[in-house]
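A.B. asks: only the shape, not the letters, is given here:
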């Protein structure tokens, strides 16, 4: 494990916004077509819709004026439909696709200014890609595929095979080391691809829709594998997907793209609870709100000292679904507790209003900190290109941890 990785205990002690950025992207453009550089340089051309831009210039802006930071230990998800620009964006981060304009920095170092030697070092040591179609070498065994990146780095045969064997065991392929890719299932092949990326111990893992070709059950298993690995290592990840449920399950923050632009950037709770426009609202329409929104959305001040001192205790990061179970078990309102202090209470009426969608998540949390977090999401309306200011968000609830069973009413410590 390198210096950039950690554990969930350490990750829980700080917020996403307090961590230093690993990748920093500002005003990034990738334009395909003749004289592409003129598009980001001309405000009139930059403001055109995709159809108008193609008509006037013959160009397509796959990535248009995108800005964001990916912070240390964060799972940053880029989500969008086919053609939204998400895969082009992740390839720009390591210049697998050359950007047209804008800046990209990794740990403060300008990626666009790197020469070939520095760029090779970036791809070999600092950022590793997990591809959608595996990219395995069919004539090599599982062990040798996993060790391939180490071989490219010049690591000796004995050492690289030893390190590869440890990673193979970590991703659940122990006993399959001598099989070739053609002898593996789709899920097993994707685990080999994941192991190969992990073997070089990169600072950042880049996932380009790695599970989209897998069957639903295998896909879920691989999502759980990513959750487990992040929980154990705390490694920074950039994850590309077109699946909203996958984005909500994995992401600390989500950037939702449309036509090359980021239309909203925020935590899963912010995306579901306060969609920026009708496009995002349609995206999240069928999401079970109670499984994403936290009790901050529903809590209210305690009506009395007795209400603040009795009832089950739950954490502010608990989902509405978990709070419903706690209230149902106790038959009384639940207290939202942190550091022995009661922030507020939630009862059945409060919680059901969130499920029904009648509560306003942006204003209804009655918790000033939650309001400031919602305000920190980057939101873009329908009236033109998104603002380039980078959002500042507060603590993102860790949905990757398995829910705990709410305690009986006499328990004083929050679950």
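C.D. replies: Arrived safely, thanks for sending. A quick note: this is a predicted structure, and the numbers were derived from the prediction, not measured.
A.B. asks: now this protein, which segments are flagged as low pLDDT?
C.D. replies: Scanning the chain for pLDDT under 70 picks out 1-16, 360-415.
A.B. asks: for stretch 121-134, which positions count as buried?
C.D. replies: 122, 123, 124, 126, 127, 128, 129, 130, 132, 134 (16 or more other Cβ atoms under 10 Å). Just so you know, the C-beta spots here come from the backbone N, C-alpha and C atoms, and that holds for glycine as well.
A.B. asks: among those residues, which lie within strands?
C.D. replies: Applying DSSP state E to these, the entries found in strands are 127, 128, 129, 130.
A.B. asks: my guess is the last one meets residue 193, correct?
C.D. replies: What it means is residue 130. Yes: using Cβ atoms under 8 Å, residue 130 is in contact with residue 193, at 5.3 Å.
A.B. asks: picking up where we left off before, in a markdown table, list the ones in strands among the buried residues of stretch 121-134 along with distance to residue 186.
C.D. replies: What follows is these, written out as a markdown table (distance: Cβ to Cβ, whole Å):
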| residue | distance to residue 186 |
| --- | --- |
| 127 | 25 |
| 128 | 20 |
| 129 | 18 |
| 130 | 14 |
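A.B. asks: related to what we said a few turns ago, list the residues that contact both of residue 130 and residue 193?
C.D. replies: Among the neighbours of residue 130, those also in contact with residue 193 (Cβ atoms under 8 Å, 6 or more residues apart in numbering) are residue 210.
A.B. asks: which member of the buried residues of stretch 121-134 is positioned nearest residue 306?
C.D. replies: Of all the buried residues of stretch 121-134, residue 130 has the smallest distance to residue 306: 53.4 Å, by Cβ to Cβ.
A.B. asks: how near is the closest one to residue 140?
C.D. replies: 17 Å (Cβ to Cβ, to the nearest Å).
A.B. asks: next one: residue 339
C.D. replies: Distance from residue 339 to residue 140, by Cβ to Cβ: 53 Å.
A.B. asks: ok, now residue 342?
C.D. replies: 59 Å.
A.B. asks: same check, this time on residue 48
C.D. replies: With Cβ to Cβ as the criterion, residue 48 and residue 140 are 48 Å apart.
A.B. asks: which secondary structure elements does the longest helix that the chain contains sit against?
C.D. replies: The helix spanning the most residues in the chain, taking DSSP state H as the definition, is helix 216-233. Applying 3 or more Cβ pairs under 8 Å, 6 or more residues apart in numbering; DSSP states H and E, we find helix 216-233 packed against helix 186-199, strand 236-241, helix 244-250.
A.B. asks: out of these, nearest to residue 256?
C.D. replies: helix 244-250 (8.2 Å).
A.B. asks: contacting residues around the closest one?
C.D. replies: 75, 77, 79, 211, 219, 223, 226-227, 237, 239, 241, 254, 268, 271-272, 283-284, 287, 292, 399-400.
A.B. asks: before we move on, back to that, and which of the ones in strands among the buried residues of stretch 121-134 is nearest residue 204?
C.D. replies: Out of these, the member with the shortest distance to residue 204 (by Cβ to Cβ) is residue 127, at 4.6 Å.
A.B. asks: my guess is that closest one contacts residue 93. True?
C.D. replies: Yes: if you go by Cβ under 8 Å, residue 127 and residue 93 touch, sitting 7.0 Å apart.
A.B. asks: tell me where the stretch 201-350 of the chain has strands.
C.D. replies: 204-208, 236-241, 253-258, 261-266, 313-314, 334-338, 341-346 (DSSP state E, counting those that start in this stretch).
A.B. asks: would you turn those strands into JSON lines with mean neighbour count?
C.D. replies: Shown next, in JSON lines, are those (neighbours: other Cβ atoms under 10 Å):
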{"stretch": "strand 204-208", "mean neighbour count": "23"}
{"stretch": "strand 236-241", "mean neighbour count": "24"}
{"stretch": "strand 253-258", "mean neighbour count": "25"}
{"stretch": "strand 261-266", "mean neighbour count": "26"}
{"stretch": "strand 313-314", "mean neighbour count": "26"}
{"stretch": "strand 334-338", "mean neighbour count": "24"}
{"stretch": "strand 341-346", "mean neighbour count": "21"}
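A.B. asks: closest to residue 186 out of those strands?
C.D. replies: The nearest among those, by Cβ to Cβ, is strand 204-208 at 15.8 Å.
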